[in-house]
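S.K.: just a sequence and a predicted model for now, questions to come.
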Amino acid sequence: MEAVPAPLFAFGVIADIQYADAEDGYDFSGYRRRYYRQSLQLLRDAVEAWAAERPPLAFVLQLGDSIDGLNARGGRAVAALEQVLAALGRLPVPVHHTWGNHEFYNFSRARLAHTGLNSRPAGAAAPAGDCQAYDFSPATRFRVVVLDAYDMSVLGREPDSPRYQEALQLLREKNPNESLNSPAGLKEPQFVEFNGGFSQAQLDWFNEVLKFSDENQEKVVVMGHLPIHPGASDSVCLAWNYEDALSVIHSHRCVVCFLAGHLHDGGYCLDSHGVHHLTLEGVIETPPESNAFGTVYVYEDKMILKGRGRVSDRVMHFCKW
Ligand SMILES: Nc1ncnc2c1ncn2[C@@H]1O[C@H](COP(=O)(O)OP(=O)(O)O)[C@@H](O)[C@H]1O
């Protein structure tokens, strides 16, 4: 019998834990149940499963919305975050975090930088300013880029800051609704307050990282809280200027996969340039008897996602090699 080749390395993925010590509730539409308290147990179950994997995982990607905005109202943000980080801290491997809207409902951007959700290694090259994007290389000829989908946003920044004003102006231009969280009647429904986008400085930095990766024959996985391809999202959950991020990716050959959260139903597509877009199902809308996380096994020619609970298994071939 032919031996199954070992992967080069493997990593864990999880999205939208949205933990709060609160009774179950519902999403805005009132139809989707949210298991606020149980989500911490599902995270602990995920950690236990990852910790038992052999060979051990190289790292875990947490795709944003680790705690729910409900915590802010109850003054429980710090306690909730401590519990989530303690659960993840049982893993002996690095966890890389991207920030979602619910992080900003609980903490300012400045504050988040001083919490355990700041996973950017000290001294890592990053865009100028307070953008949280960074990249790292977990293995030879492989790179992970962590994007900051709320770099251009009204969430997380002081109302008197230039970036807040710039974001608000753009949002108001695109969204005339009384509630800026409402996408009703919009030509570009992603222009809602609970989303955000990428600044030009971040896109320029991203372009340089991908140029380096192209030149060094690296394969790149990109992660961000907001999806950037309509085939892997509904029209509301996309990043404001998702097309700009896609243009940067498509002007290089190195990117093999874009990982996102935010859309709790999940999504997937293979785009016209051979990039896999995987939007992970959210833990928060996952019943207690199931789960929503995965392990990605990386090979020379493909990545294999082993999904748990609501997350499906998936083989993602590297189309450009
Ligand atoms: N269609 C809508 N119209 C107005 N407000 C909305 C709408 N959809 C969501 N919201 C509000 O936007 C915010 C973010 O929505 P939420 O459901 O919490 O997003 P998430 O899926 O990230 O948890 C909430 O305050 C919610 O009440």
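M.R.: Arrived safely. Computed from a prediction, not measured in an experiment: that's the story for all the values here. Residues are numbered from 1 along each chain as shown.

S.K.: tell me which parts of this structure are close to the ligand?
M.R.: 27-28, 65, 101-102, 179, 181-183, 194 (CB under 6 Å from any ligand atom). Where C-beta positions appear, they are placed from N, C-alpha and C, glycine not excepted.

S.K.: which of those residues are buried?
M.R.: 65, 101-102, 183, 194 (16 or more other CB atoms under 10 Å).

S.K.: so which of those comes closest to the ligand?
M.R.: Set against the ligand, the nearest of these by CB to the nearest ligand atom is residue 194 (3.9 Å).

S.K.: which residue, other than its chain neighbours, is closest to the closest one?
M.R.: residue 101 (4.6 Å; CB to CB, 6 or more residues apart in numbering).

S.K.: any idea how far residue 45 is from residue 283?
M.R.: Applying CB to CB, to the nearest Å, the value for residue 283 to residue 45 is 10 Å.

S.K.: tell me which of those two has more neighbours.
M.R.: residue 283 (32 against 17; other CB atoms under 10 Å).

S.K.: ok, now which ones touch that one?
M.R.: When contacts are counted by CB atoms under 8 Å, 6 or more residues apart in numbering, residue 283 touches 14-18, 39, 42-43, 46, 291-293.

S.K.: can you do 10 Å?
M.R.: 14-19, 34-35, 38-43, 45-46, 65-66, 261, 264, 290-293, 309-310 (CB atoms under 10 Å, 6 or more residues apart in numbering).

S.K.: give me the subset of those lying in strands.
M.R.: Per DSSP state E, strands hold the following members of the contacts of residue 283: 14, 34, 292-293, 309.

S.K.: hang on, the earlier thing: the residue nearest to residue 194 is in contact with residue 226, isn't it?
M.R.: Yes. If you go by CB atoms under 10 Å, residue 101 and residue 226 touch, sitting 8.9 Å apart.

S.K.: mutual contacts of the two, please.
M.R.: Contact with both residue 101 and residue 226 is made by residues 64, 149-150, 153, 194-196, 262, according to CB under 10 Å, 6+ apart.

S.K.: what's the most distant pair in the ones in strands among the contacts of residue 283?
M.R.: Greatest spatial distance among the ones in strands among the contacts of residue 283 (CB to CB): 34 and 293, at 17.1 Å.

S.K.: ok, those two, which is more surrounded?
M.R.: In this view residue 34 and residue 293 are compared by other CB under 10 Å, and residue 293 has more residues nearby, 27 against 23.

S.K.: doesn't residue 79 belong to a helix?
M.R.: Yes. Looking at residue 79 with DSSP: H, G, I helix; E, B strand; the rest coil, it is inside a helix.

S.K.: let me see the contact set for it.
M.R.: So residue 79 contacts 21, 67, 71 (CB under 10 Å, 6+ apart).

S.K.: filter the residues you listed down to the ones in helices?
M.R.: Counting by DSSP state H, the contacts of residue 79 place residue 71 in helices.

S.K.: would you list every one of the strands in the stretch 101-250 of the chain?
M.R.: Assigned by DSSP state E, counting those that start in this stretch, the stretch 101-250 of the chain shows strands spanning 134-139, 142-146, 219-223.

S.K.: most tightly packed of those?
M.R.: strand 219-223 (a mean of 24; mean count of other CB atoms under 10 Å).

S.K.: CA-only coordinates of that one in PDB, if you can.
M.R.: The C-alpha trace of strand 219-223 is given here as PDB (Å, rounded to 0.1, in the frame of the first residue of the first chain):
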ATOM      1  CA  LYS A 219       2.900  30.500  -1.800                       C
ATOM      2  CA  VAL A 220       0.800  33.000   0.200                       C
ATOM      3  CA  VAL A 221      -2.300  32.500   2.300                       C
ATOM      4  CA  VAL A 222      -4.000  35.800   3.200                       C
ATOM      5  CA  MET A 223      -6.400  36.300   6.000                       C
END
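
S.K.: leaving out sequence neighbours, find the closest residue to residue 83.
M.R.: The spatial neighbour of residue 83 that comes closest, neighbours along the chain excluded (CB to CB, 6+ apart), is residue 40 at 5.9 Å.

S.K.: right, and that neighbour touches residue 82 too?
M.R.: No. Using CB under 10 Å, residue 40 is not in contact with residue 82, being 11.1 Å away.
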